[in-house]
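In: Need the 3D shape of this:
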Amino acid sequence: MKLSTIRFFPHRLKRKHRWQTASYTADSVQVFYVKLQAEDGLTGLGAASVMPKQDATLMPGIDALESAAGKILIGRDVSEFDGLMAQLDSQLPTYPRHLVAVEMALLDLAAKAAKSPLSTFLGGRYYETIPVLKMLGMGSPDFMAARAAQFVKQGYRFLKVKLGAGSATDLERFKAVRQAVGGAVSFTADFNGAYDAATAIRIIDQLTPEGLIMVEQPVAAEDIEGMAAVNKSVTPLVLADQSVNAPEDVAKIANTGAANAVSIKLLKLGGFRKSRAVVRACQAAGLACHVGGTGTTKLVEAAQAHLISATPGIIVPAEIAEFEELEGDRVQGFEVVNGAIAVPTGPGLGVSLL
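Out: So this is what the prediction gives:
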């Protein structure tokens, strides 16, 4: 099945509420969609987004990708997937997030040709439904409490609270959220690398009696020794996010005892091939894998749902519902119902683009 055309559609998604973490603030998300068409008319879809502080890279990356993809993909067969992606990787090493969209479109097209859901096409379907870990951005205690109560009313039972504003403020916000939702919710706290080890340990110890079960990236990404000190001192599961960007980073985490689990994200790691390589490294090292998320289009999160369902070694819940906080998405066929998402059953990604 030879490829005939590829088209790119830049788009901006507006946030319903300003997003704030310890590392950045944003009111919108820059995304782009890809349509890859074969000579027989079958179409593969893909998408990617950039972090707000990298907005300026969106169009240069699309321009570079359009030029390279046109030369490398057009006229080639989708069955040459590995070789095609290797060529694109070598041509565009500075735009790994952009390449995710093309990889996604190729896989969507190949799975559609096989008349199979992408998760089955990739070798397994270990989950049919995935509970969602819903993210709660920074704000005043009252704002965060009200948002948390709204999420629980919508059916969410797993919340990730963004913290990192200082010991007293973190404790005040976390307690407000806990009081607003009661005891039926499990909590993760994400510090986005805001603290040194000693401060992180002190704050985590204060939050643990309030129901904290997992803590994400408590110290800076490069402070592996500091994270190891945290992990040895606290009760909640420690999750490494920014500290792991490739399979070789997993060994650093495992050898130092810096974390119990690693956050996998298609956009962060560069797509399915690279994400599954990190999962394999984690399995070999005895670490769990958790799929994290960010504000992006449903198309990316549908792909992450298929990744979870197709890949042993990934635990749930997963952060695959932040599209609910965005307006203007062009994707249909992927929704949250009572705090969980069904992995699409249609061919390929199982979603459509308006």
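
In: tell me the helices in the stretch 1-150 of the chain, going along the chain?
Out: Per DSSP state H, counting those that start in this stretch, the stretch 1-150 of the chain carries helices over the ranges 58-73, 81-91, 96-113, 118-121, 141-153.

In: and the last one, what's its mean pLDDT?
Out: Summarised as a single mean, pLDDT over helix 141-153 is 96.

In: Each with direction, which strands does the helix or strand following that helix pair with?
Out: Counting by DSSP states H and E, the next helix or strand C-terminal to helix 141-153 is strand 158-162. Counting by DSSP bridges, the strands paired with strand 158-162 are strand 134-136 (parallel), strand 186-190 (parallel).

In: okay if I get those strands as TSV plus mean pLDDT, distance to Lys252 and mean neighbour count?
Out: Using the backbone N, CA and C atoms, a C-beta is placed for each residue, glycine as well. Converted to TSV, the strands paired with strand 158-162 look like this (pLDDT from 0 to 100; distance: least, CB to CB, whole Å; neighbours: other CB atoms under 10 Å):
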stretch	mean pLDDT	distance to Lys252	mean neighbour count
strand 134-136	96	26	24
strand 186-190	96	20	23
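
In: Show the contacting residues for the closest residue to Asp55 other than its chain neighbours.
Out: Nearest residue to Asp55 in three dimensions, chain neighbours excluded: Gln30, at 5.1 Å (CB to CB, 6 or more residues apart in numbering). When contacts are counted by CB atoms under 8 Å, 6 or more residues apart in numbering, Gln30 touches 10-12, 49-50, 52, 55, 58.

In: Quick one: classify Leu207 as helix, strand or coil.
Out: Here Leu207 is recorded as helix under DSSP: H, G, I helix; E, B strand; the rest coil.

In: residues in contact with it?
Out: 170-171, 174, 189.

In: re earlier: name the residues linked to the residue nearest to Asp55 by a beta bridge.
Out: Beta-bridge partners recorded for Gln30 (DSSP bridges): Arg12, Val50.

In: ditto for the one 4 residues further on
Out: In this structure, Val34 has beta-bridge partners Phe8, Gly46, where bridges are defined by DSSP bridges.

In: on that earlier part again, can you redo the strands paired with strand 158-162 as TSV with distance to Ala26?
Out: Shown next, in TSV, are the strands paired with strand 158-162 (distance: least, CB to CB, whole Å):
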stretch	distance to Ala26
strand 134-136	13
strand 186-190	15
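
In: Of these, which is nearest Arg125?
Out: Of all those, it is strand 134-136 that lies closest to Arg125, at 24.0 Å by CB to CB.

In: any idea how far Asp82 is from Arg76?
Out: 12 Å (CB to CB, to the nearest Å).

In: again but with Phe121, I slipped
Out: From Phe121 to Arg76 the distance is 19 Å (CB to CB).

In: Check Leu269 too.
Out: 25 Å.

In: who has more neighbours, the two?
Out: Neighbour tally, Leu269 and Arg76, criterion other CB atoms under 10 Å: the higher count belongs to Leu269, 24 against 15.

In: Per-residue pLDDT of the residue nearest to the more buried one when sequence neighbours are not counted, please?
Out: Leaving aside its sequence neighbours, Leu269 sits nearest to Ser275 (CB to CB, 6+ apart; 4.6 Å). In this model, Ser275 is scored at 97, pLDDT.

In: Check the one 10 residues further on too.
Out: pLDDT recorded at Ala285 is 97.

In: Now it. Its backbone dihedrals?
Out: phi -90, psi 0 (degrees, to the nearest 10).

In: try Pro312
Out: The phi/psi pair for Pro312 (degrees, to the nearest 10) reads phi -60, psi 150.

In: So what's the residue count around it?
Out: There are 11 residues near Pro312, going by other CB under 10 Å.

In: likewise Asp27?
Out: 11.

In: how much space is there between it and Leu58?
Out: 16 Å.

In: again with Leu118
Out: Leu118 is 25 Å from Leu58, by CB to CB.

In: higher neighbour count, these two?
Out: Neighbours were counted for Leu118 and for Leu58 using other CB under 10 Å; Leu118 has more, 29 against 21.

In: re the thing from before, quick one: mark the members of the contacts of Leu207 that sit in strands.
Out: Among these, the members falling in strands (DSSP state E) are Ala189.

In: got JSON lines for the contacts of Leu207, with distance to Ala114 too?
Out: Compiled in JSON lines, the contacts of Leu207 are given as follows (distance: CB to CB, whole Å):
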{"residue": "Asp170", "distance to Ala114": "48"}
{"residue": "Leu171", "distance to Ala114": "52"}
{"residue": "Phe174", "distance to Ala114": "47"}
{"residue": "Ala189", "distance to Ala114": "42"}
